[in-house]
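S.K.: sequence and predicted structure, then a few things I'm wondering about:
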Amino acid sequence: LPAAYLSRAARRGDLTGRLLRDPAQREQPYELYEQLRAIGPLAPGSLGPVTTSHAVAGEVLRSEAFGVGWDRSAAPRAIRWALEYGDELDATGVAEPPSMLVVDPPDHTRYRRLVSRAFTPRAIAAFEPMIRRTADELLDALERRADGPVDLVEGYAEQLPVLVIAELLGVPTDRREDFLRWGSAAAATLDPGLPLRRYVAAEKALRAMHAFLRGHFDRLRRDPGDDLVSRLVGLPGEEALTERELHATVMLLLGAGFETTVNLLGNAVVLLDAHRDQWNALRAAPEGWANAVEEVLRHDSPVQITGRNVRTDVEVAGQRFRAGGRVTLLLGAANRDPEVFADPARFDVTRANARDHLAFSGGIHYCLGAGLARLEGVVGLQALSERFPGLRVDGRPVRRDLQTLRGFEVLPVRLR
Ligand code: HEM
C-alpha cells in the first residue's frame with residue numbers, strides 16, 4: 001500500500017480495524033508493520049501515535065511519563081455501557097482494573113510485590129523437574145496416538161503451560177479444560193474493538209471462571225495449602241486483598257500463565273518446521289535451545305501489541321505527547337527493527353542479540369512470568385524434539401482469530 005494512503009488510513013482509525021477485519025493482515029502483519037515503519041518511528045493511529053521502532057517503544061515503556069491506566073475508549077462496548085450506567089461488573093477480565101497489568105503505581109507496586117516472590121529465578125528453577133515430568137507425561141500420551149495425525153496445540157502446546165501454571169498456583173489440574181476455555185475467552189478481551197457478540201461470549205466464560213475461583217478461595221480459607229493462592233487469600237490485616245483484587249490477580253496469573261506460552265510453543269514448531277536445518281542443528285546441540293526460544297519470541301512475538309496512556313506532557317523521538325493521550329506500541333514491529341536486528345525477517349536461532357527483543361515488554365510491567373515462559377519453552381521444545389525428531393507440520397496450521405496475541409489455534413502434525 002502507498003505510504004500516503006496508509007498514513008491517512010491510520011489517522012482515520014483503520015489500522016486496528018484492518019488488522020482485526022482482514023484475515024490476511026492477521027496472518028502476516030509484518031508487511032503492514034514495514035509499511036508503517038516507512039512512515040517513521042511513530043505512525044499516526046486511531047487512538048494516537050503507533051510506535052514502529054524498538055528504541056521508541058523501549059523509551060515509552062521505561063518512562064514515568066506514561067502509564068497503563070486503563071483505556072476506556074479501547075474497551076468493548078459492553079464494558080463502556082456498564083461503566084456509564086454505573087453497574088458493578090462481576091466479570092472482571094485480565095485487562096481491567098484491578099489487574100496489575102492495567103494499574104499504575106502505587107497499586108501496581110503493591111499487587112506485583114505480593115506475587116513476585118513466587119517468580120524469582122530460584123523459585124522458577126525449582127519448578128524445572130515438574131515441567132519436565134509434565135512434558136514427558138504429555139509426550140507419553142502423544143506416543144499412543146503417534147500413528148495418526150495429531151493437533152499439536154490440543155495435545156501439547158496448550159496442555160503444558162496450563163498444567164504448569166495450575167500446579168504452580170495450586171489450582172486443581174483436573175479443571176484444565178475449563179481453564180483453557182475461560183482463558184481463551186479472556187484472551188479475546190485484550191483486543192480493542194472486539195465485536196459485541198464475542199464480548200458477550202467472553203463475559204459468560206469469565207463469569208464461570210469467577211464462580212470457580214470464589215469456590216476455590218473459600219476452600220483455601222478453610223483448608224490452606226502451601227501454594228501462592230493460599231497465601232494470597234490468607235494475607236493478614238493491612239496487606240489483605242479485597243475480593244475483587246484477589247479475583248483479578250489470580251485470573252491474570254492463570255490466564256497470562258498459559259494464553260501466551262501456548263503461542264510460543266506453536267510458533268516455534270512452525271518456524272522450525274520451515275527451517276529444518278535449524279531443527280536438526282538443535283537436535284545435535286541442545287544447548288542452543290535457550291537462544292532459539294529468544295529468536296522465536298523475537299521473530300513471531302506471542303504478544304504483538306500493547307499500549308500506554310500519556311500521564312504528563314513529554315517529548316519522545318522528537319514528537320510531543322500530550323497528557324491524556326494514548327500511544328499504541330507494536331512490540332512485533334519493534335522486534336523486527338533493522339536498527340537493532342540485522343536482516344530482521346531472517347529466522348536464525350544463533351542470532352547473537354536475539355534476547356534484545358521486547359516480546360516481554362519493558363519497564364515496570366515487564367512480564368512477571370518471563371523466566372517461567374523461557375523455561376517452559378526450552379524444556380517443552382527440547383523434550384518434544386527428542387521424543388519425535390521426525391515431527392513435521394502436516395496440513396495447514398490455523399492462526400488464532402486475535403490481534404493482540406499471535407499464535408496457532410490448530411497445528412496439524414505428523415509425529416513420526
Ligand atoms: C505481563 C508477554 C508468559 C505473567 C506481560 C507483558 C507482556 C507479556 C508483553 C506486558 C504487557 C505490557 O507491558 O503492557 C508474555 C509472553 C509470554 C508470557 C510473550 C510467554 C511466551 C507469562 C507467564 C506468566 C506471565 C508464563 C505467569 C504467570 C504475566 C504477568 C504480567 C505479564 C503477571 C503483568 C505484569 C505487570 O503488569 O507488572 N507478559 N508473557 N506471563 N505477564 Fe507475561
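M.R.: Arrived safely, thanks for sending. Residues are numbered from 1 along each chain as shown.
S.K.: C-alpha from now on. contacts and neighbour counts both.
M.R.: OK.
S.K.: buried ones in the longest helix seen in the chain?
M.R.: Secondary structure of the chain read by DSSP state H shows that its longest helix is helix 196-222. For helix 196-222, burial by neighbour count (16 or more other C-alpha atoms under 10 Å) applies to 199, 202-203, 205-207, 209-210, 213, 217, 220-221.
S.K.: so which elements touch it?
M.R.: helix 77-84, helix 176-188, helix 228-233 (3 or more C-alpha pairs under 8 Å, 6 or more residues apart in numbering; DSSP states H and E).
S.K.: can I get those helices in CSV with distance to Val379 and mean neighbour count?
M.R.: CSV is the format used below for the helices and strands packed on helix 196-222 (distance: least, C-alpha to C-alpha, whole Å; neighbours: other C-alpha atoms under 10 Å):
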stretch, distance to Val379, mean neighbour count
helix 77-84, 39, 14
helix 176-188, 20, 20
helix 228-233, 23, 19
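S.K.: tell me which of those lies nearest to the ligand.
M.R.: helix 228-233 (11.2 Å; C-alpha to the nearest ligand atom).
S.K.: got the CA coordinates for stretch 124-144 in PDB?
M.R.: What follows is stretch 124-144, C-alpha atoms only, in PDB (Å, rounded to 0.1, in the frame of the first residue of the first chain):
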ATOM      1  CA  ILE A 124      11.200 -20.900  38.900                       C
ATOM      2  CA  ALA A 125      14.300 -23.100  38.700                       C
ATOM      3  CA  ALA A 126      12.700 -25.300  41.400                       C
ATOM      4  CA  PHE A 127       9.800 -26.000  39.100                       C
ATOM      5  CA  GLU A 128      12.000 -27.400  36.300                       C
ATOM      6  CA  PRO A 129      11.600 -31.100  37.400                       C
ATOM      7  CA  MET A 130       7.800 -30.600  37.500                       C
ATOM      8  CA  ILE A 131       7.800 -29.000  34.000                       C
ATOM      9  CA  ARG A 132      10.000 -31.900  32.600                       C
ATOM     10  CA  ARG A 133       7.700 -34.500  34.200                       C
ATOM     11  CA  THR A 134       4.600 -32.800  32.800                       C
ATOM     12  CA  ALA A 135       6.100 -32.600  29.400                       C
ATOM     13  CA  ASP A 136       7.100 -36.300  29.500                       C
ATOM     14  CA  GLU A 137       3.600 -37.400  30.600                       C
ATOM     15  CA  LEU A 138       2.000 -35.400  27.700                       C
ATOM     16  CA  LEU A 139       4.500 -36.900  25.300                       C
ATOM     17  CA  ASP A 140       3.700 -40.400  26.600                       C
ATOM     18  CA  ALA A 141       0.100 -39.800  25.800                       C
ATOM     19  CA  LEU A 142       1.000 -38.500  22.300                       C
ATOM     20  CA  GLU A 143       3.100 -41.600  21.700                       C
ATOM     21  CA  ARG A 144       0.000 -43.700  21.900                       C
END
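S.K.: please compute how far that stretch lies from its chain's middle.
M.R.: 22 Å (C-alpha atoms, centre = their mean, to the nearest Å).
S.K.: is the ligand within reach of that stretch?
M.R.: No. With C-alpha under 6 Å from any ligand atom as the criterion, the ligand is not reached by stretch 124-144; the gap is at least 10.3 Å.
S.K.: contacting residues around that stretch?
M.R.: For stretch 124-144, contacts defined as C-alpha atoms under 8 Å, 6 or more residues apart in numbering pick out 118, 155-156, 159-160, 163-164, 168, 371-372, 375-376, 379-380, 383-384, 387.
S.K.: residue in the stretch 101-250 of the chain nearest to the ligand?
M.R.: Counting by C-alpha to the nearest ligand atom, the stretch 101-250 of the chain gets nearest the ligand through Leu101, at 3.4 Å.
S.K.: where's that residue relative to Ala256, distance?
M.R.: Applying C-alpha to C-alpha, to the nearest Å, the value for Leu101 to Ala256 is 10 Å.
S.K.: and what of Asp313?
M.R.: From Asp313 across to Ala256, the span is 32 Å (C-alpha to C-alpha).
S.K.: more neighbours: those two, which one.
M.R.: Ala256 (22 against 13; other C-alpha atoms under 10 Å).
S.K.: quick one: contacts for the more buried one?
M.R.: Ala256 neighbours (C-alpha under 8 Å, 6+ apart): none.
S.K.: tell me the pLDDT of it.
M.R.: pLDDT, Ala256: 89.
S.K.: what helix or strand does it sit in?
M.R.: Per DSSP states H and E, Ala256 falls inside helix 243-259.
S.K.: identify the residue nearest the residue nearest the centre of the chain in space, chain neighbours excluded?
M.R.: Centroid-nearest residue in the chain: Thr260, 3.7 Å away (criterion: C-alpha atoms, centre = their mean). Excluding its sequence neighbours, the residue lying closest to Thr260 (C-alpha to C-alpha, 6 or more residues apart in numbering) is Pro302, at 5.9 Å.
S.K.: mind checking how far that neighbour is from the ligand?
M.R.: Relative to the ligand, Pro302 is positioned 5 Å away (C-alpha to the nearest ligand atom, to the nearest Å).
S.K.: mind showing which ranges of this protein have poor pLDDT?
M.R.: Low-confidence segments of the chain (pLDDT under 70): 1-22, 70-95, 192-196.
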